[in-house]
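Novice: here is a sequence with its predicted model. Questions after.
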Amino acid sequence: MKEEFINVEYAPGKVLEIETGRLAKQADGAVVIRQGETYVLCTVVSSREPKPGQDFFPLTVDYRESFSAAGRFPGGFMKREGRASEIEILSSRLIDRTLRPLFPKGYYNDTQVIASVVSADGENFADVLGGIGSSLAIHLSDIPFDGPMAEVRVGRVNGILVVNPTSSELKQSDIDMVIGGTESSILMIEGEMKEISEAEMLDAIKTAHQAIQKLCVFQNELRTKLGKEKREFVASEVDSALRNAVVGLAESKIREVVQKGLGKEDYNGQIREIRDHVLAELTAKEEFAAADKEIRNLVGELEKHELRDQILVKKRRIDGRSPEDIRAIWSQTGYLPRTHGSAVFTRGETQSLVSVTLGTKKDVQNVDTLFVEDPKQFMLHYNFPPFSTGEAGFLRGPGRREIGHGHLAERALKMMMPSFEEFGYVIRVISDILESNGSSSMASVCGGSMALMDAGVPFKKPVAGIAMGMIVGDKDTVVLSDIRGEEDFMGDMDFKTAGTADGITATQMDMKIQGISVEILERALQQAHTGRLHILGEMAKTISEPRKELSKYAPQFINMEIDGDNIGAVIGPGGKVIQTLQKETDTEIWIEENAAGKGIITISADSLDKAEAAKKRIQGIVGQLDEGATYKGIVRGIKEYGAFVELVPGKEGLLHISEISHERIANVEDYLSVGDEIDVKLLKVEQGGRLRLSRKALLPPPDGDQEA
């Protein structure tokens, strides 16, 4: 059967190709989307009816990569793919966040989207192709959908913005941002960047949206030619008598609570009392006896309406703040005595306890995916225990939300981290959320920045993050700084930006309505910039630069360089020499050969003395003994004129009889025996490699010779 791919050029030099109707025909919608030799099969299935009593939209999005797509076997013992990797989870979230607002309100049918990478060329990224293909699969199907949408990645190489850069281009880029949207607006943003300005970020978004518009037009053209007739869908209406009864009992009381300016606990408690009262009153009546869920939903709608109305009309928020106000901040560093660095960051009713652990090369995380194979030397892990919101629940592994929040915070801090060549430590940051009421991911950024500085990591600049919200009314739009949980839930946007005083390093935006204009986005960015500077100022009151010394509990290490020809001598036959060195000096030693052919050696230990001892022994093996240094040697032979002392295996020097002690010596054997371990100073490496040693240089001088 002949391939029938339809193509579109959506950006200069970027061509996308689509095929449908040949694969996965029993799905409600299926397309194969390709760019270069990267192919993604996107399918969608939606049940015909919702489950009885279901009052939410159960959308599941799964993006999956198979190593066979690149002609490779998975690593590890089990030679098949298992649970979703972090990259797969993050890519699934990107697609989900852009699709979700485009399904009609009240559509509660189980819906599953699967984007399967079936071929990967290593250059053209599959995640954004999965987003476009998922949209088109739904758009061509009979499933109700207010799309299409499209996703593109934007990079900037040598100052020029590039849509969907290749893997090679992205390595040279100072922007890596994925943007999703419709023909008329932006729905989702996520990415990292190297301290770009708000204006530069807007330029990148505008460039992305131009490509998104072309891709949406293309999808609409395909829908006209190939699309199925959409299913009939009408959202169910709430009984008007029930609605009027709830309004009569709850509206004025909720309005009163909303206007009090309460904290989270008091506010939720009073709303709960109103809801319970309404439930008791109405379910006691025969006609509303089975309407428990509908009553709860109607009370929630009233609460949402009153919150939004107060913000839109009075420009006043639940806790009494104006739209631009940021909640009170307090912080502390060095809270945990045995971690290598720590910080507590509290903003309002959100609190993060952050710890930093410094590790060695053995702690590197090897990342092996279709498009990324680099070792990971910096990682941030985010934990969200149930007590942080006053709830009881199971402690399981991190969910998609935790992985997504941790990844965002990691990206924000990563841009200010020293390179591994500069610092040499593998770094793990853990953010444990102890309280949550609005943007715990941005609290993790602030606390992480402070904890890294507390650990003595040469962090380039402090980084802070802030979450912005938005309420869209018929006549006005209000942008909110530092949103609370209720404002996130009731609002229309969650827009997070993180960065230094000089620019943005990471961002994430989700819309709950169908998009945002660039003009409103610009307003939100400027307001976020002001808020970020305020938070940085509050953080600086606690710590503003890295500490000069590392924790005494951090591993100590030193680096050294040897000629490549000497690598074998240090390793020894079957690794015998290096294994003996590690055992006798209580160290860990790694040797790598760099591009210049030099041997780069890293020596790690729990004390610097142990690492220095190992270094000296390696120097001896390769003939790099330092004049003036002290060595612990073993007496290998005694002569009438002195002793021969082995400093390192194969390297002996002469300890002349005159250098054994300050006093005159007649017989060397009165002071030394073969096999003795002694400290000696290397006085000189003479011509021919002969070593001249001294023991007396390390001994205190006789009393009569001491200076006054």
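Specialist: Looks like it came in fine.
Novice: ok, the closest residue to residue 365 other than its chain neighbours - contacts?
Specialist: Distances taken as CB to CB, 6 or more residues apart in numbering place residue 376 nearest to residue 365, at 4.1 Å, with adjacent residues excluded. Backbone N, C-alpha and C define where each C-beta goes, glycine included. Residues near residue 376 by CB atoms under 8 Å, 6 or more residues apart in numbering: 364, 365, 366, 367.
Novice: ok, now which ones touch the first one?
Specialist: Listed by CB under 8 Å, 6+ apart, the contact set of residue 364 reads 375, 376, 377, 426.
Novice: skip the chain neighbours and tell me the closest residue to residue 481.
Specialist: In this structure, residue 481 finds its nearest non-sequential neighbour in residue 531, 4.5 Å apart by CB to CB, 6+ apart.
Novice: return the set of buried residues in stretch 335-350.
Specialist: The neighbour-count check on stretch 335-350 (16 or more other CB atoms under 10 Å) flags 336, 339-350 as buried.
Novice: now, which of these sits nearest residue 232?
Specialist: Taking CB to CB as the measure, residue 232 lies nearest residue 350 of these, at 44.4 Å.
Novice: for the contacts of residue 364, which one is nearest residue 50?
Specialist: Of all these, residue 376 has the smallest distance to residue 50: 41.9 Å, by CB to CB.
Novice: how much space is there between the closest one and residue 367?
Specialist: Using CB to CB, to the nearest Å, we find residue 376 at a distance of 5 Å from residue 367.
Novice: and residue 293, by the same measure?
Specialist: Distance of residue 293 to residue 367, computed by CB to CB: 44 Å.
Novice: residue 88 now?
Specialist: Taking CB to CB, one finds residue 88 at 12 Å from residue 367.
Novice: looking at these two, which is more packed in?
Specialist: Neighbour totals were compared for residue 88 and residue 367, and residue 88 leads with 20 against 14 (other CB atoms under 10 Å).
Novice: got the contact list for that one?
Specialist: Residues counted as contacts of residue 88 (CB under 8 Å, 6+ apart) are 62, 63, 64, 65.
Novice: which is the next helix or strand following the helix or strand hosting residue 134?
Specialist: Taking DSSP states H and E as the definition, residue 134 sits inside helix 127-140. Using DSSP H and E, the helix or strand that follows helix 127-140 in sequence is strand 150-157.
Novice: what angle do that following strand and helix 127-140 make?
Specialist: If you take axes from the mean of the first three to the mean of the last three CA atoms, to 10 degrees, strand 150-157 sits at 160 degrees to helix 127-140.
Novice: can you list the strands that the helix or strand of the chain with the lowest mean pLDDT pairs with?
Specialist: Ranked by mean pLDDT, DSSP states H and E, the weakest helix or strand in the chain is strand 365-366, scoring a mean of 82. Sheet partners assigned to strand 365-366 using DSSP bridges are listed as strand 375-376 (antiparallel).
Novice: neighbouring contacts of stretch 320-330?
Specialist: The contact list for stretch 320-330, computed with CB under 8 Å, 6+ apart, reads 261, 311, 315-317, 319, 345-349, 466, 478-482, 527, 530-531, 534-535, 538-539.
Novice: let me know how buried residue 525 is, in neighbour terms.
Specialist: 21.
Novice: circling back to that earlier point, wait, is the residue nearest to residue 481 part of a helix?
Specialist: Yes. Using DSSP: H, G, I helix; E, B strand; the rest coil, the assignment for residue 531 is a helix.
Novice: what sits against it?
Specialist: 324, 326, 466, 468, 481, 482.
Novice: between the residues you listed, which sits nearest residue 629?
Specialist: Lowest distance from residue 629 to the contacts of residue 531 (CB to CB) belongs to residue 466, with 52.4 Å.
Novice: what residues are bridge-paired with residue 508?
Specialist: Under DSSP bridges, the beta-bridge partners of residue 508 are residue 190, residue 496.
Novice: would you confirm that it contacts residue 190?
Specialist: Yes. Using CB atoms under 8 Å, residue 508 is in contact with residue 190, at 4.8 Å.
Novice: buried set for stretch 486-500?
Specialist: Residues of stretch 486-500 classed as buried by neighbour count (16+ other CB under 10 Å): 486-488, 490-500.
Novice: repeat that for stretch 270-285.
Specialist: Neighbour counts using 16+ other CB under 10 Å place 270, 271, 274, 275, 278, 279, 281, 282 of stretch 270-285 among the buried residues.
Novice: out of the contacts of residue 531, which are inside strands?
Specialist: 466, 468, 481 (DSSP state E).
Novice: among these, which one has the most neighbours?
Specialist: The residue in those with the most neighbours, by other CB under 10 Å, is residue 466 (27 neighbours).
Novice: is residue 79 in a helix, a strand, or coil?
Specialist: Residue 79 falls in the coil class when you classify it by three-state DSSP.
Novice: number of nearby residues for the residue lying closest to it once chain neighbours are set aside?
Specialist: Spatial nearest neighbour of residue 79, excluding adjacent residues (CB to CB, 6+ apart): residue 73 at 5.7 Å. Counted with other CB under 10 Å, the neighbours of residue 73 add up to 9.
Novice: residue 73: what secondary structure?
Specialist: For residue 73, the assignment made with three-state DSSP gives coil.
Novice: that one touches residue 80, doesn't it?
Specialist: No. With contact defined as CB under 8 Å, residue 73 does not reach residue 80; the gap is 9.3 Å.
Novice: how about the residue positioned nearest the centre of the chain, nearest residue that isn't a chain neighbour?
Specialist: Residue closest to the mean C-alpha point of the chain, counted by CA atoms, centre = their mean, is residue 407 at 2.3 Å. Spatial nearest neighbour of residue 407, excluding adjacent residues (CB to CB, 6+ apart): residue 90 at 5.7 Å.
Novice: next SSE after the helix or strand hosting the one you found?
Specialist: Using DSSP H and E, residue 90 maps to helix 86-99. The helix or strand immediately downstream of helix 86-99 is strand 111-119, counting by DSSP H and E.
Novice: that following strand: partners in the sheet, and parallel or antiparallel?
Specialist: Here, using DSSP bridges, strand 111-119 pairs with strand 38-46 (antiparallel), strand 59-65 (parallel).
Novice: next, the angle helix 86-99 makes with the shortest one.
Specialist: Note on geometry: by the same axes, to 10 degrees, strand 59-65 and helix 86-99 are set 140 degrees apart in direction.
Novice: residues contacting strand 59-65, please?
Specialist: Applying CB under 8 Å, 6+ apart, the contact partners of strand 59-65 are 81, 84-85, 87-88, 91-93, 95-96, 99-100, 103, 110-117, 120, 126-127, 130, 134, 369-370.
Novice: quick check: buried residues in that strand?
Specialist: Buried, per 16+ other CB under 10 Å, within strand 59-65: 59, 61, 62, 63, 64, 65.
Novice: centre of the chain to stretch 86-96, how far?
Specialist: How far stretch 86-96 lies from its chain's middle: 13 Å, per CA atoms, centre = their mean, to the nearest Å.
Novice: please read the previous query as pertaining to stretch 350-362.
Specialist: Using CA atoms, centre = their mean, the offset of stretch 350-362 from its chain centre is 13 Å.
Novice: give me the buried positions along it.
Specialist: So, applying 16+ other CB under 10 Å, buried residues of stretch 350-362: 350, 351, 352, 353, 354, 355, 356, 357, 358, 359, 360, 361.
Novice: make JSON lines out of the residues you listed and add pLDDT.
Specialist: Formatted as JSON lines, the buried residues of stretch 350-362 follow (pLDDT from 0 to 100):
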{"residue": "350", "pLDDT": "95"}
{"residue": "351", "pLDDT": "97"}
{"residue": "352", "pLDDT": "97"}
{"residue": "353", "pLDDT": "98"}
{"residue": "354", "pLDDT": "98"}
{"residue": "355", "pLDDT": "98"}
{"residue": "356", "pLDDT": "97"}
{"residue": "357", "pLDDT": "96"}
{"residue": "358", "pLDDT": "95"}
{"residue": "359", "pLDDT": "91"}
{"residue": "360", "pLDDT": "86"}
{"residue": "361", "pLDDT": "82"}
